[in-house]
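**Student:** prediction below, plus the sequence it came from.
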Amino acid sequence: MQILASGRLLGDSPLAAVFLISTFYYLVRNLLCFFNIYQINFIRLLAR
(Lines give C-alpha, C1' and ligand atoms only; values in the text may rest on other atoms or scores of the structure.)
Protein backbone atom coordinates (compact mmCIF):
# COMPACT_ATOMS: atom_id res chain seq x y z
CA MET A 1 0.00 0.00 0.00
CA GLN A 2 2.85 2.38 0.79
CA ILE A 3 4.33 1.81 -2.68
CA LEU A 4 0.98 2.69 -4.27
CA ALA A 5 0.70 5.85 -2.17
CA SER A 6 4.20 7.01 -3.10
CA GLY A 7 3.46 6.11 -6.73
CA ARG A 8 0.45 8.43 -6.65
CA LEU A 9 2.56 11.22 -5.19
CA LEU A 10 5.23 10.69 -7.86
CA GLY A 11 2.61 10.35 -10.59
CA ASP A 12 2.77 14.08 -11.38
CA SER A 13 6.43 13.92 -12.37
CA PRO A 14 7.17 12.03 -15.62
CA LEU A 15 10.77 11.37 -14.57
CA ALA A 16 9.61 9.45 -11.51
CA ALA A 17 7.20 7.40 -13.65
CA VAL A 18 10.02 6.51 -16.06
CA PHE A 19 12.22 5.55 -13.11
CA LEU A 20 9.53 3.29 -11.64
CA ILE A 21 8.85 1.62 -15.00
CA SER A 22 12.55 1.04 -15.72
CA THR A 23 13.11 -0.39 -12.23
CA PHE A 24 10.12 -2.72 -12.65
CA TYR A 25 11.34 -3.80 -16.12
CA TYR A 26 14.83 -4.47 -14.74
CA LEU A 27 13.45 -6.65 -11.92
CA VAL A 28 11.20 -8.61 -14.29
CA ARG A 29 14.06 -9.18 -16.73
CA ASN A 30 16.30 -10.48 -13.94
CA LEU A 31 13.53 -12.80 -12.72
CA LEU A 32 12.99 -14.19 -16.23
CA CYS A 33 16.73 -14.75 -16.65
CA PHE A 34 16.87 -16.53 -13.29
CA PHE A 35 13.92 -18.76 -14.18
CA ASN A 36 15.47 -19.63 -17.56
CA ILE A 37 18.71 -20.74 -15.88
CA TYR A 38 16.70 -22.70 -13.29
CA GLN A 39 14.64 -24.40 -16.03
CA ILE A 40 17.73 -25.37 -18.02
CA ASN A 41 19.36 -26.92 -14.94
CA PHE A 42 16.13 -28.75 -14.09
CA ILE A 43 15.83 -30.15 -17.64
CA ARG A 44 19.47 -31.30 -17.48
CA LEU A 45 18.73 -33.11 -14.22
CA LEU A 46 15.72 -34.82 -15.81
CA ALA A 47 17.70 -35.71 -18.94
CA ARG A 48 20.29 -37.72 -17.02
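**Tutor:** Nice, thanks for sending it over.
**Student:** all helices of the chain, in order?
**Tutor:** When assigned using DSSP state H, the helices of the chain occupy the ranges 2-10, 14-47.
**Student:** count the neighbours of Leu20 for me.
**Tutor:** 15 (other C-beta atoms under 10 Å). In short, each C-beta sits where N, CA and C put it, glycine included.
**Student:** where in the protein is pLDDT low?
**Tutor:** 1-12 (pLDDT under 70).
**Student:** now with 90?
**Tutor:** 1-20, 33, 37-38, 40, 42-43, 47-48 (pLDDT under 90).
**Student:** dump the residue contacts of Leu46.
**Tutor:** Taking C-beta atoms under 8 Å, 6 or more residues apart in numbering as the contact definition, Leu46 lies against nothing.
**Student:** any idea how far it lies from Ile40?
**Tutor:** For Leu46, the distance to Ile40 (C-beta to C-beta, to the nearest Å) stands at 11 Å.
**Student:** before we move on, what about Ile21?
**Tutor:** Relative to Ile40, Ile21 is positioned 29 Å away (C-beta to C-beta).
**Student:** cool, and Arg48?
**Tutor:** Distance check for Arg48 against Ile40: by C-beta to C-beta, it reads 14 Å.
**Student:** in terms of neighbours, single out the busier of these two.
**Tutor:** Each of Arg48 and Ile40 has its neighbours counted (other C-beta under 10 Å); Ile40 has more, 10 against 4.
**Student:** how near is Arg44 to Tyr25?
**Tutor:** According to C-beta to C-beta, Arg44 stands 29 Å off from Tyr25.
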